[in-house]
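J.: Need a 3D model of the following:
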Amino acid sequence: MNVKTVSLVGVLLLSACAKQPDQIAAVEVGADSYSRHSCKQLVSEKTKISQELDNLSARQKSAASGDAWGVFLLGLPLSSMSGGDQEALIAVAKGKVQAIDRQIVAKGCR
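T.: Numbers count the residues shown, from 1 in each chain. Purely as a prediction, here's the structure:
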């Protein structure tokens, strides 16, 4: 194998690794999703989703660390390959929190 091929394989393996939670962007959640919620319901829902996001983030950090070690030791992102990557769920949870925050501001909730 030549150097370019080895470099390309390395880049592909690293790109397959789980991202750190703070590197995951939120997906857009429609503004209407929470428009009928009261202020109390919005705060309650935000608390619930924020706790869920914290749990997902902890699992994602573990997956990212596992992938880093897997690539270093075996050349394979084992955590991502075994379903440990929570990126999609984190992106949705972040999008929900943003949508709730927009509704809280729009309704003038405290």
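
J.: which stretches of the protein form helices?
T.: 3-15, 39-73, 78-81, 87-107 (DSSP state H).

J.: Compare the mean pLDDT across those helices and name the weakest.
T.: Among those, helix 3-15 carries the lowest mean pLDDT, a mean of 44.

J.: roughly how far apart are the closest residue to Leu89 other than its chain neighbours and Asp32?
T.: Excluding the flanking residues, the one nearest Leu89 by CB to CB, 6 or more residues apart in numbering is Leu56, at 5.3 Å. (Glycine included, C-beta is placed from N, CA and C.) The span separating Leu56 from Asp32 equals 24 Å under the rule CB to CB, to the nearest Å.

J.: The two: which has the busier surroundings?
T.: Leu56 (21 against 9; other CB atoms under 10 Å).

J.: what residues are up against the more buried one?
T.: Pro21, Gln86, Leu89, Ile90, Ala93 (CB atoms under 8 Å, 6 or more residues apart in numbering).

J.: Please name the nearest non-neighbouring residue to Ile49.
T.: In space, Ile49 is closest to Lys96, 5.0 Å off (CB to CB, 6+ apart).

J.: how near is that neighbour to Ile24?
T.: Distance of Lys96 to Ile24, given as CB to CB: 14 Å.

J.: again with Lys40
T.: Distance from Lys40 to Ile24, by CB to CB: 29 Å.

J.: who's more crowded, the two?
T.: Ile24 (20 against 9).

J.: Surely the more buried one is in contact with Gln60?
T.: Yes - the criterion here is CB atoms under 8 Å, and Ile24 meets it with Gln60 at 7.5 Å.

J.: and for these two, which residues touch both?
T.: What both Ile24 and Gln60 touch, as defined by CB under 8 Å, 6+ apart, is the set Glu87, Ile90.

J.: one step back: which ones are touching the residue nearest to Ile49?
T.: Contacts of Lys96 (CB under 8 Å, 6+ apart): Val29, Ser33, Glu45, Ile49.

J.: Which of those sits closest to Gln103?
T.: Closest to Gln103 out of the contacts of Lys96 is Ser33 (8.5 Å), distances taken as CB to CB.
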